[in-house]
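[1] predicted model and sequence below, questions to follow.
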Amino acid sequence: MADTARSWAPRSAWADIAQAGQIGVAGSAGVIATLLDGFGLATLIAAPGGTAALSRAVEARLGIALPATPKIVSGASHDAIWSGPDQWLLRAATRDGFTNFLEALSAQAAVSDQSDARAAVRLSGPHVRDVLAKGVMLDLHPSTFAVSDVALTSIAHIGVHLWRLTDGPDGSVFEIMVTRSMVGSFWSWFAASAAEFGCRVTTGRG
Amino acid sequence: MSTQPFRLAAGGLIDRGQQLDFSFDGTSYRGYAGDTLASALLANGVRLVGRSFKYHRPRGILSAGPEEPNALVELRSGASREPNTRATVVELFGGLTAASQNRWPSLAFDLLSINGLVSPALVAGFYYKTFMWPASFWEKLYEPLIRRAAGLGRAAGVEDPDHYEKAFAFCDLLVIGGGPAGLSAALAAGRSGARVILCDEDFRLGGRLLAEKREIDGKPASEWLAATLAELESLPEVRIMSRTTVFGLYDHGIYGAVERVADHLPQPPAHQPRQRGWRIHAKRAILAAGALERPIVFAGNDRPGVMLAGAVRSYVNRHGVLPGRETVLFTAGDDGWTTARDIAAAGGKVAAIVDSRPADPARKALADKLGARLFAGGAVMAARGGRQLSGVTIRDASGAVSELSCDLLAVSNGWNPTLHLTSHQNGKPAWDDGLQCFVPGTVPAGLTVAGSAAGRFTLAQALEDGARLGSEAAVEAGLAARQAEPTPTTDPETNGLSPIWRVSGGRGKAFVDYQNDVTDKDVELAAREGFRPVEHLKRYTTLGMATDQGKTSNLSGLAIMAEQTGRTIPQTGTTTFRPPYTPVAIGALAGHHRGKDFRPIRLAPTHDWSKEQGAVFVEAGQWLRAQYYPRPGETDWLTTVNREVKAVRAGVGLCDVSTLGKIDIQGTDAAEFLERVYINGWKALPVGKARYGLMLREDGFVMDDGTTSRLGEAHFLMTTTTANAGKVMQHLEFCHQVLWPELDVRMASVSEQWAQVAIAGPKARETLRGVVDPEHDLSNEAFPYLAARPVTVGGGIPARLFRISFSGELAYELAVPADYGDAMVRALMQAGAPFGITPYGTEALGVMRIEKGHVAGNELNGQTTARDLALSKMMSSKKDFVGRLMARREALVEADRPSFVGFKPVDPSQRLRAGAHFIGIGKPAAMENDEGYMTSVAYSPHLNHWMGLGLIKGGTARIGERVRAYDPVRNGDVVVEICSPVFVDPEGARLHG
């Protein structure tokens, strides 16, 4: 059995679920989906009364303060994403050194590595809000959901963590993090919902 | 192909350059783009379109809108067939096929129309009176017969091939209705920059303006309409949704709407849904839904060719169809005269005008001008004809009766505001004596009503209301007020009316509710028999209970009841409405969530590998878990499961356990927290060890179990059962946030981070040795039972290894980051190959845990206590914990409360069944002899017989005793012996090997 002789190759949450290519209407990119992979991710929960100390520690190392409200704050290589009172997701562009970095933070926070627990996708394109309107029960209009706003909500009965990045050439840009085990159902919803606008799927680094 | 004999030579909002072929009942016809199915049928002279619900009477087209009670057809064919579709709102498309319904064998010749002859038996309440005896006949005979005879169209009966969607929208202002009031409102708000959504159910915006010949600002209304639409389209924050019906108003300004995305096309285009259900969150809404015209109750008022006067105008002016050659107008007000005028203007003939009001010289002059006989103060007593109207019986002011031939009777009796949405939150409409109709009464917060929907029936009022309310809504949404534009002026209009609810004296049935075949006599009968409150009237006669929800009938029914009981209409009752305004396909409510997308499916990190192995999967909550892994030649699941179990106990097997809940618990009070949520002790657990824990609900019953490992002084990893992972997390959060917020305990679900595999069997250690990096000592001494420590695998990949066992074998669980789950299982398969490593699924897992007497979901069923499960020794007496007190309640500690033991069949060839109840041998199977029940069973390939776990009175004290395991559902009645629940290796030698 040659195939069991594989090395320990990591397998992305998107493997066999989604791949680069075109969904739905051909030749149109009403929506652009970038499958994100290879990022480091961890839950940080401050000790009682320890939020300020944790924020200082993160800021000293990464140059980003932890947001006190549902926002994402981005630095050169890391994002701090609000995920509840005194609780954040810290995302690193790469997993290199991430474990050590988390180790260093563990004095200030309860740290749980979640790098493999979520699948993430960045969505843009002229019809991005039209697609999201088919699943997100929140108002994502630019007047009410500002750049860097974060929401914990659900899409197609699947819990998601969603935020808005700086606008791109086609307007709003969103990122969505989905529970790994449900990403197949998420993608089934997304592909069906985006098909009428045509969707270009690419891959990228988180 | 027919020649559309009733199509006018010119005029109408149809595209005569775009001919559309369609078929009705197998005959081909031709219409134009812009037609509805109803207008195209009328253009082709098709009058008879359906048979009525109860009497199978021939029926035609009554209206030109959503209120249509008669012209219900089956649209499309095969899997796409939609029954009870109103021909008046079906937008014509090329290739459309429709069929009449509720007729047999054919529409023209319907055998069941003899129901009309035996109609005395079919009056209100006839079901209750006629089919009373014998009772058993109801289900077997009467109901199937009635169901076949009565009823509407046929459902497709097969899966809907089309896709549906759900979507969410938000706006400052939702405008419901795209007529003059709605468009004015949208424009006024939109000009202020408000986010506006305008929904209109029609495929063309304009509302009544499309059906009328009116002037705005001295020009044809169509010019105002075009200019308004153009400006609305130029406003970026205004969204216009045609073909979209707002069907319901819900709490907090939420509106339900259905968008018919592709109903006007033969097939939805690729990647398009057929319909889309919308949930619209609106800060403000304006109901500008217009009004529905009211028929008059008189004998034969359902003959094909009797039509609402406003509908006639729609067909003439909008569709360029003159629905009859020889028209009689029966009117109770000025509005009907507009129909006569428009028919004459289109070149049609108005033979007579019957106006119920007294003579008036101006009306006489107008009738003369139209060349019509005028019966002032008269009434149409009856309409004649079979499959189509042939004439009417008119009583003039003096009481003299005359007959007149005609093929179209236009009936005008005023309009009812389309106020349905105002009553969806229990708002009661109010009777307006001046207008003689119900108008919106209490209106939900955030909603205002404009134009005809508010009983302000003139075009001038519609335009004025819309502009004013639209501006107000924008200001209320926080936008700056704008200088009001002058309200457009309109040509003069009058709307005098003195409605007539019923004309008595004609021969034949006079229908109140066309769709449910409720006549004026049925209402009288209800009054005589005491069913006088409007809710009783409705239920006794079925008035207003058809798919049209009484849009054309409720008020007439109420009026006749008022007349019968000597009360006014408001004294008699009001008509209220519930959602939906018009029928909504279930698909539009379900959206994407059907079939495999009904709910999310969770897949383990090893799922694809299991699929490669040919696994059969089972749903465990949202998860798909490998149930067993059949091999070629294995024809039944039991063979496979027996092989898997034996392979594990003889060598080694592996099973994905990633689906178990994993909760990372950190903080200086983490151990204290566990003390309080688990019944057993945790403070003494050393770092690097795991322990089995059991937690109770507040009421003392078992909530969940699992192992929890101490990863550090202030760091634990709790596991939960797959089924309860979410519930336990919620429970722990509740305990922390509400009960003990002072504790420093911080929790995160890490269920998704780790792929976890159980490796079980005497060769488990040797298998692991090939996977875990060599620097980690796995010997029994270095890594004993219940050790739980970080290791590395595959050359430095961080992993966690737990020596825990559900199977009773030497067993481990190895966890790696989920990205490596696939690699882990492949590496384990390779490392275990020399020992014949065998993947096993949840079935074999279940067999082995039953062999070992471990409780699982079947026992942790929410009705069992720790004591019931023979786990009371785990309950620490040295501390408090959730559920401690309530578990001591009298009934929960009664001596004969059933408790946990094992069972084996006395005759080893007998199969056991979970769910069987225990009864003493020789005792009858009755409730008073019930001693408990079997919770789990399995076939043990080691014992070569079935075995069971269960709860029985007396429990362990009765080991050796025999009882019946009685299962009347599956004809099971097996004598079993009560035994220890541990069937295999009771000493636990294998575990510690």
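    That came in fine, so what should we check first? What you see is a predicted model, and the numbers here were worked out from it, not measured in a lab.

[2] ok, and the closest non-adjacent residue to residue B:312?
    In this structure, residue B:312 finds its nearest non-sequential neighbour in residue B:410, 4.6 Å apart by C-beta to C-beta, 6 or more residues apart in numbering or on different chains. The way it works is simple: take the backbone N, C-alpha and C, and place the C-beta from them, glycine included.

[3] typed the wrong thing, it's residue B:864
    That would be residue B:702: by C-beta to C-beta, 6+ apart, it lies 5.5 Å from residue B:864.

[4] can you pull the contacts of that neighbour?
    Contacts for residue B:702 (C-beta atoms under 8 Å, 6 or more residues apart in numbering or on different chains) come out as B:694-696, B:860, B:862, B:864-866, B:868-869.

[5] residues near the residue nearest to residue B:312, how many?
    Close neighbours of residue B:410, defined as other C-beta atoms under 10 Å in any protein chain shown, add up to 27.

[6] quick check, pLDDT for it.
    On pLDDT, residue B:410 comes in at 98.

[7] I'd like the distance from it to residue B:333, if you could.
    Separation of residue B:410 from residue B:333 (C-beta to C-beta, to the nearest Å): 13 Å.

[8] could you list the buried residues of stretch A:80-100?
    A:80-83, A:86-93, A:95, A:98 (16 or more other C-beta atoms under 10 Å in any protein chain shown).

[9] one step back: for the residue nearest to residue B:312, which three-state class applies?
    On the three-state scheme (DSSP: H, G, I helix; E, B strand; the rest coil), residue B:410 is labelled strand.

[10] what's across from it in the sheet?
    residue B:307, residue B:329 (DSSP bridges).

[11] surely it touches residue B:305?
    No. The pair residue B:410 / residue B:305 is not scored as a contact, 9.9 Å apart, by C-beta atoms under 8 Å.

[12] thought residue B:680 was touching residue B:874?
    Yes. Judged on C-beta under 8 Å, residue B:680 makes contact with residue B:874 at a distance of 4.6 Å.

[13] quick check: neighbours shared by the two?
    With C-beta under 8 Å, 6+ apart as the test, residue B:680 and residue B:874 both reach residue B:694.

[14] between these two, which is the more surrounded one?
    Counted by other C-beta under 10 Å, residue B:680 and residue B:874 do not tie: residue B:680 has more neighbours, with 21 against 16.

[15] SS state for that one?
    Per three-state DSSP, residue B:680 ends up coil.

[16] what does residue B:539 give?
    Of the three states, residue B:539 takes helix according to three-state DSSP.

[17] distance of it from residue B:514?
    Distance from residue B:539 to residue B:514, by C-beta to C-beta: 19 Å.

[18] tell me which of the two has more neighbours.
    When residue B:539 and residue B:514 are compared for neighbours, residue B:514 comes out ahead with 25 against 16, by other C-beta under 10 Å.

[19] next, give phi and psi for that one.
    Torsion angles at residue B:514 (phi, psi; degrees, to the nearest 10) stand at phi -70, psi -40.

[20] what's the neighbour count on the residue lying closest to it once chain neighbours are set aside?
    Among residues not flanking residue B:514 along the chain, residue B:69 sits closest, at 4.0 Å (C-beta to C-beta, 6+ apart). Number of residues near residue B:69 (other C-beta under 10 Å) recorded here: 27.

[21] please give me every residue in contact with residue B:69.
    So, once contact is read as C-beta under 8 Å, 6+ apart, residue B:69 ends up touching B:62-63, B:513-515, B:546, B:548, B:551-553.

[22] rerun at 10 Å
    B:50, B:52-53, B:59, B:62-63, B:86, B:295, B:302, B:511, B:513-516, B:546-553 (C-beta atoms under 10 Å, 6 or more residues apart in numbering or on different chains).

[23] keep only those of these that are in strands.
    B:50, B:59, B:86, B:511, B:513 (DSSP state E).

[24] Throw those into TSV and include distance to residue B:917, pLDDT and neighbour count, thanks.
    Shown next, in TSV, are those (distance: C-beta to C-beta, whole Å; pLDDT from 0 to 100; neighbours: other C-beta atoms under 10 Å in any protein chain shown):
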residue	distance to residue B:917	pLDDT	neighbour count
B:50	55	90	29
B:59	58	94	30
B:86	55	96	25
B:511	58	97	30
B:513	52	96	28
